[in-house]
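Peer 1: need a 3D model of the following:
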Amino acid sequence: MILYFLSSTLISVRVIGATPELHASFSVEVLNADIYTYECYVVVASLLVHPQNDAPIQFYRLGEQIQRIAEKLAPEQAWKHDNGIIDVEPISINKDGQAYYQYKIIELGVCPIDSGTFTIPPLELTVAKTNLEGEMIDSVTLLSEARHINVRPLPEGIADSVYSNDTYCMVGKYRLEENNPNLRRNQRLGDTINYQLTISGRGTSFPIGLYTKQSDDVEIIVKEAVLKDTVQYRALRTKKTFHLQIIPWRKDTLRLGDYIEWSYYASSEDRVKSIRPSQKFLIWGKEKPRPPATTVQDSIDIVLIMDVSASMMIQDYGLDDRLTVGIDLINQMAVKKPETPIILFSGEAYIWGTQLLDYDLMNRPRPRGTAIGNALWMAKEILKKSTSQNKRIVLVYDGDDTKSSVSEVLAAQICRQYNIKVDCIGLGHRGIVPFGYDLLGQVRYVDNSFQDASLKKVASITGGQYIWMNDTKEISKIVSQLFP
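Peer 2: Take a look at the predicted model:
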């Protein structure tokens, strides 16, 4: 959940006369509106103000409006990246031969999974008209035009010929870079080679991993994948860096291109393309039997996930905030189930590890937003290789998904495909609640909109439980219920 406060950004360009007129409009622009499934379009929502505008105006409850508008800009079954505009600043543009000041409020990249026509309906943006002192005297609602995106199915046979993960494939234009300037060409048999490569280009790379060929000659382990998507130059662009461990088990020339591949559909060329690393190693040393593959992950049957976004600092559990309560809850579950992976998320999701959480989390910087879908996807990636018959995710969470590349509903549906249940624990209360302190040291109160509909839906889709924690006294009961 993101907490927004009233923006006081003054949008007036000039003021003349006794009865100022408003010359402004709300624009929703779609770039690349005719695409294939898995290909990406960009949608930009902006307030356009004519230089001759006479009426002083301000954004009104902009954060709430952005959340409402953003829900209508993409289908539920889609990968998404929100640039997360924080500072709304004017840009001079020319549109249809007219000069305007553009105030971008949303810049979103969307990659639909299902074919068909998706329609963005006319959307409303309300601005506040003010007097010369900046006091609100009226409000005006501006209406955008409807937009239509045509999403075509991939040509027959394309999806089957592109390496895919969870039946998803990439559409766009990508390149591969190897980032190992100090790596020795001669490597000893059985030693671990730390190797890094980056996939970048136009499109998203969020749901797909590298294709690594299984072989007795070499063991390839993906230790980490770091993703950075951004909307830039009127397109969604991606950069995904893979950190690999490569262990050769045969004396010979090891060509990584024989074992590592990234395939995608280049829609502009109407063909499937593959990119491979060019790195070669000369393997030397005494032959020795290859040890059995590590099977630790095969035994993992549960992953714990916790929200650490800014709204978790709301103090609606007596003297405790949600983050403190969540840490206590997660740690008690981790003690019951040692060596359980823990994933934390705010605007991004990351693996904490298997150690207990510490209260220093409250003082660490956290990216804005709530990327619950990404956290669920990450947990699914850990559990999907498990041979356990009882795979579960326990999610401790306080609200709405605002920053995910994948919606929590889509992530839950994928979890269900792997027979992974998601138990959801909701933290928070509705109404006026304390949230930190103001500049004078006084307790600040916010009107909290705790929403648990998405938690109930995720639990329902996957066959898990939904539990709302009303009081901290329930922690032991909840832990015993989930870990009898």
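
Peer 1: CA-only coordinates of whichever strand or helix holds residue 80, as CSV, when you get a sec.
Peer 2: Assigned by DSSP states H and E, residue 80 falls within strand 78-82. Taking Å, rounded to 0.1, in the frame of the first residue of the first chain, the C-alpha atoms of strand 78-82 are listed here in CSV:
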residue,chain,number,x,y,z
ALA,A,78,-0.6,-8.9,-18.1
TRP,A,79,3.0,-8.2,-17.0
LYS,A,80,3.3,-4.5,-16.0
HIS,A,81,5.9,-2.0,-15.1
ASP,A,82,5.0,1.4,-13.6
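
Peer 1: which is the next helix or strand following that strand?
Peer 2: strand 90-95.

Peer 1: same for that following strand, what does it pack against?
Peer 2: strand 41-49, strand 98-112 (3 or more CB pairs under 8 Å, 6 or more residues apart in numbering; DSSP states H and E). In this view, the C-beta of every residue, glycine as well, is placed from N, C-alpha and C.

Peer 1: and these, which is most packed in?
Peer 2: The highest average neighbour count among the helices and strands packed on strand 90-95, using mean count of other CB atoms under 10 Å, belongs to strand 41-49 at a mean of 23.

Peer 1: what's the spacing between the helix or strand that that one is followed by and its chain's center?
Peer 2: For strand 41-49, the following helix or strand on the C-terminal side (DSSP H and E) is strand 57-59. Distance of strand 57-59 from the chain centroid (CA atoms, centre = their mean, to the nearest Å) equals 30 Å.

Peer 1: quick check: mean pLDDT across strand 57-59?
Peer 2: Averaging pLDDT along strand 57-59 yields 80.

Peer 1: tell me where the longest helix sits in this protein.
Peer 2: helix 322-336 (DSSP state H).

Peer 1: packing partners of that helix?
Peer 2: strand 302-307, strand 391-397, strand 420-427, helix 475-482.

Peer 1: where does residue 19 land on pLDDT?
Peer 2: 47.

Peer 1: likewise residue 100?
Peer 2: 88.

Peer 1: tell me what the residue nearest to it when sequence neighbours are not counted is bridged to.
Peer 2: Nearest non-adjacent residue to residue 100, counting by CB to CB, 6 or more residues apart in numbering: residue 48, 4.4 Å away. Residue 48 forms beta bridges with residue 25, residue 102, as assigned by DSSP bridges.

Peer 1: is it true that residue 48 touches residue 95?
Peer 2: Yes: counting by CB atoms under 8 Å, residue 95 is a contact partner of residue 48 at 6.9 Å.

Peer 1: tell me, what's touching these two both at once?
Peer 2: residue 27 (CB atoms under 8 Å, 6 or more residues apart in numbering).

Peer 1: report the contact partners of residue 195.
Peer 2: 178, 180, 183, 243, 244, 245, 246, 256, 279.

Peer 1: quick one: it from residue 158, how far?
Peer 2: 30 Å (CB to CB, to the nearest Å).

Peer 1: export the helix or strand where residue 126 lies as PDB, just CAs?
Peer 2: Per DSSP H and E, residue 126 falls inside strand 124-130. Extracted C-alpha coordinates of strand 124-130, given in PDB (Å, rounded to 0.1, in the frame of the first residue of the first chain):
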ATOM      1  CA  GLU A 124     -11.900  11.000 -14.900                       C
ATOM      2  CA  LEU A 125      -9.200  13.300 -13.400                       C
ATOM      3  CA  THR A 126     -10.400  15.900 -10.900                       C
ATOM      4  CA  VAL A 127      -8.500  19.100 -10.300                       C
ATOM      5  CA  ALA A 128      -9.100  21.800  -7.700                       C
ATOM      6  CA  LYS A 129      -9.700  25.400  -8.800                       C
ATOM      7  CA  THR A 130      -8.200  27.800  -6.300                       C
END
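
Peer 1: quick one on the thing from earlier: contacts for the helix or strand just after the longest helix of the chain?
Peer 2: Downstream of helix 322-336, the next assigned helix or strand under DSSP H and E is strand 342-345. Here strand 342-345 makes contact (CB under 8 Å, 6+ apart) with 303-309, 330, 334, 349-354, 357, 361, 370-372, 374-375, 378-379.

Peer 1: which among those count as buried?
Peer 2: Taking 16 or more other CB atoms under 10 Å as the criterion, what is buried in the contacts of strand 342-345 is 303-309, 330, 334, 349-350, 352, 357, 361, 370-372, 374-375, 378-379.

Peer 1: shouldn't residue 128 be in contact with residue 62?
Peer 2: No: taking contacts as CB under 8 Å, residue 128 lies outside contact range of residue 62: 10.1 Å.

Peer 1: starting at the chain centroid, how far to stretch 406-424?
Peer 2: 15 Å.

Peer 1: now do that stretch: distance from first to last residue.
Peer 2: 18 Å (CA to CA, to the nearest Å).

Peer 1: now that stretch: buried residues?
Peer 2: 406-412, 414-416, 420-424.

Peer 1: sec struct for residue 410, please.
Peer 2: Here residue 410 is helix, with the state taken from DSSP: H, G, I helix; E, B strand; the rest coil.
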